[in-house]
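Enquirer: Predicted coordinates and the sequence they were generated for:
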Amino acid sequence: MHLTVVILAAGQGTRMRSDLPKVLHPVGGRPMLARVVDAARSLNPQRIGIVHGHGGDQVRARFHDSPLEWVAQERQLGTAHAVAQALPLARPDDLLLVLYGDVPLILPSTLERLVTAMDEADLALLTVHLDDPKGYGRIVRDDRGQVLRIVEEKDASPVEREIREVNTGILAARAADLSRWIGQIGNDNAQGEFYLTDAIELAVADDRRVQAVVARDAREVMGVNDKRQLAEVERAWQRRQAEALMRDGVTLLDPARFDLRGTLHAGRDVVIDIDVIIEGEVTLGDGVRIGAHTILRDCTIGAGSDIRPHSIVEQAEIGERCLIGPFARIRPDTALADEVHVGNFVELKKARVAAASKINHLSYVGDAEVGARVNIGAGTITCNYDGANKHLTTIGDDAFIGSDTSLVAPVTVGAGATIGAGSVVTRDAPPGELTVTRAKQQTIPGWKRPVKQPKP
């Protein structure tokens, strides 16, 4: 049987109070809608249709390179009306699965259970048991436990409001059946909308088989209507990622204070302290330690390296047994070999640093090739930018750069060279020699420091 997935993403999201369409608000660093599309793709459907309305141009632009079908809902008249706009995407005998662009935590395994339920049903709907069902449509069953209908809270009786099993809105049916039932749905309700959930009662009236599949984790069917709910879904997503990492052996010192906004590949005995943010594609080797309040973005950290607190590593490669930070910034196109030390308030950009070199304090090294066993003193900078172009600084193996040195690129410091502290180096320094460029020290006898005049 062919599977067509329809994702409803046309809601205005007025309670978000944002110019960004609701389904583009991020969860775990990606738009909510992207996460729903990922879950849909896991089922290998023949087509995925997106019903869009408010901010449709922005939504389509965000997914311009994805093989999706786009359906406009010009007027938002309810979920049944939205699905009706997408019905032409499916053939009559297709299995049609309806998802929601603002329910981003839905698991592929749950959707598989729902689709499998259609082997013995004419309509399958996803439900969940909630301790507090306020705001949700209730599942009404008969004495045998068979689903009869869904009643929205505004239309529910006091007894029906006590029901804890609620509708998630996610359902599956054959396209021809769903088309027939939608054609019979009216809008005689408190909201004046055409509810897709009314299809359940119509299916029962047709004596068709209705099967409820209960979600095992209420977190995966959490919807987003405002920024508070967005924050709750974000925390639920992060907790899910943290639990998966801990099952794989990663030590999170506080899983409630951890943010993964991409993909993390971690080796054995990795330890991550509090308030670490991981973005993009990050790989951590065995025994890596990540200090508190650190940001890692699209980088690789070699085995045994220690990233100390308040550091940022972005689009860089860090070798094994390196020490980084605290308060270090490793910018894009930087590669550190093994056992490199980069200390507090050091910034590297587009720098290649060979093994066992040290840049420990208050320095900037950009557009540079640094050899092995080099020691760069505090306050050293590579002056790589002339106002129009960037230039390269090359430092040979075993060189020693004294504190408060400025290396004006393009310039080369030879292997084993020593640069005296306080130097401004504008020409190549020969290997194995001491190079010093200091002004002659003078003392001015009798000089008096200016003194402020007392106020009248």
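Expert: Right, received. Where do you want to start? Numbering: from 1, shown residues only.

Enquirer: doesn't H2 make contact with N44?
Expert: No. Here N44 lies out of contact with H2, judged by Cβ atoms under 8 Å, at a distance of 10.6 Å. All C-beta atoms are positioned from the backbone trio N, CA, C, and that covers glycine.

Enquirer: Compare these two (neighbour count), which wins?
Expert: H2 (13 against 7; other Cβ atoms under 10 Å).

Enquirer: Check the gap between the more buried one and V151 for me.
Expert: Here H2 is placed at a distance of 33 Å from V151 (Cβ to Cβ, to the nearest Å).

Enquirer: ok, now P430?
Expert: For P430, the distance to V151 - Cβ to Cβ - is 87 Å.

Enquirer: Looking at the two now, which is surrounded by more residues?
Expert: Neighbour totals were compared for P430 and V151, and V151 leads with 22 against 14 (other Cβ under 10 Å).

Enquirer: where does Q442 fall, phi/psi-wise?
Expert: Backbone geometry at Q442, expressed as degrees, to the nearest 10, gives phi -130, psi 150.

Enquirer: Offset the numbering so it begins at 14, please.
Expert: Right, with 14 as the first residue, what we last looked at is Q455.

Enquirer: do you know how far it is from K362?
Expert: 37 Å.

Enquirer: Can you classify L277 by secondary structure?
Expert: Following DSSP: H, G, I helix; E, B strand; the rest coil, L277 is assigned to strand.

Enquirer: pretty sure it contacts L297?
Expert: Yes. Counting by Cβ under 8 Å, L297 is a contact partner of L277 at 7.1 Å.

Enquirer: Which of those two has more residues huddled nearby?
Expert: Neighbour count, other Cβ under 10 Å: between L277 and L297, L297 has more, with 26 against 21.

Enquirer: Number of residues surrounding T406?
Expert: As a measure of burial, T406 has 23 neighbours, counting by other Cβ under 10 Å.

Enquirer: For the stretch 14-163 of the chain, which segments count as strands?
Expert: 16-22, 39-40, 43-44, 60-65, 82-85, 108-113, 136-142, 151-154, 160-164 (DSSP state E, counting those that start in this stretch).

Enquirer: would you turn these into a markdown table with mean pLDDT?
Expert: Below are the strands of the stretch 14-163 of the chain laid out as a markdown table (pLDDT from 0 to 100):
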| stretch | mean pLDDT |
| --- | --- |
| strand 16-22 | 96 |
| strand 39-40 | 96 |
| strand 43-44 | 96 |
| strand 60-65 | 95 |
| strand 82-85 | 92 |
| strand 108-113 | 97 |
| strand 136-142 | 96 |
| strand 151-154 | 93 |
| strand 160-164 | 90 |
